[in-house]
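Enquirer: sequence? don't have it. structure:
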């Protein structure tokens, strides 16, 4: 079975440009998560959805970041305008049911973003 | 104080050694506990869940001490392929139960 699919895998963009990261969760999974990983801060949850509805976006750093999940098989994370401090690996993950119910979260391979 | 704290390492050990990682968490109401493994430039993957009674999976043993808010991972007979970053993970209690909170990880390098 296909895992979580993210695109692009790598992106280099100039400061001020809009960045859109895409994610296709595992089919049938009802939870979708966006994480960001940096050397300084490690893995941080940005936002998660349940049945396409945003449940917790308290980790979204600021208004420049937005996430949508228009349907069960697609989500986007958008940064506009991008800044050098946004450079990080952005992971999308999905799970069938909640973690505290014993379900495993599966991560995509990540989108490596560099803002210059 | 960080919610989940780990010694970043690196831990450099010879093949065959036993190595232990520790992790502390700040929220006494944390509900679920895990160890994840992350290879260099790869995504995190679940290694094992951690239960109060302790649990073992082959060469790996995980322990949870709720009173001390402490989690451990023991790896016996280390292999070269065990070289990776080991991430301690907890979930809060209550409404945000699906929010995995990661430690910054402990780097293990197993030497031949």
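Expert: Arrived safely, thanks for sending. No experiment lies behind these values; they were computed from the predicted model shown.

Enquirer: Residue A:15: what's it in contact with?
Expert: A:81-84, A:115-116 (Cβ atoms under 8 Å, 6 or more residues apart in numbering or on different chains). Every C-beta, even on glycine, is put in place using the N, C-alpha and C of the backbone.

Enquirer: should've said residue A:101
Expert: Here residue A:101 is in contact with no residues (criterion: Cβ under 8 Å, 6+ apart).

Enquirer: before we move on, what about the one 3 residues further on?
Expert: Residue A:104 sits next to A:95, B:46 when contact means Cβ under 8 Å, 6+ apart.

Enquirer: what helix or strand is it on?
Expert: Here residue A:104 sits in a region with no helix or strand, counting by DSSP states H and E.

Enquirer: got any ranges where the chain has weak pLDDT?
Expert: I'll assume chain A. Across chain A, residues meeting the criterion (pLDDT under 70) sit at A:1.

Enquirer: Correction: the question concerned chain B.
Expert: B:94-97.

Enquirer: residues from it in reach of chain A?
Expert: By Cβ under 8 Å from any Cβ of the partner chain, the residues of chain B that approach chain A are B:31-32, B:42-46, B:49, B:87, B:91, B:96-105.

Enquirer: May I see the buried residues of the strand or helix carrying residue A:70?
Expert: Assigned by DSSP H and E, residue A:70 falls within strand A:65-71. By 16 or more other Cβ atoms under 10 Å in any protein chain shown, the buried positions in strand A:65-71 come out as A:65, A:67, A:69.

Enquirer: Give me the distance between the residue nearest the centre of chain A and residue A:113.
Expert: Here the mean C-alpha position of chain A is nearest to the C-alpha of residue A:34 (Cα atoms, centre = their mean), at a distance of 2.8 Å. Separation of residue A:34 from residue A:113 (Cβ to Cβ, to the nearest Å): 12 Å.

Enquirer: I'm done for today, thanks for sticking with me.
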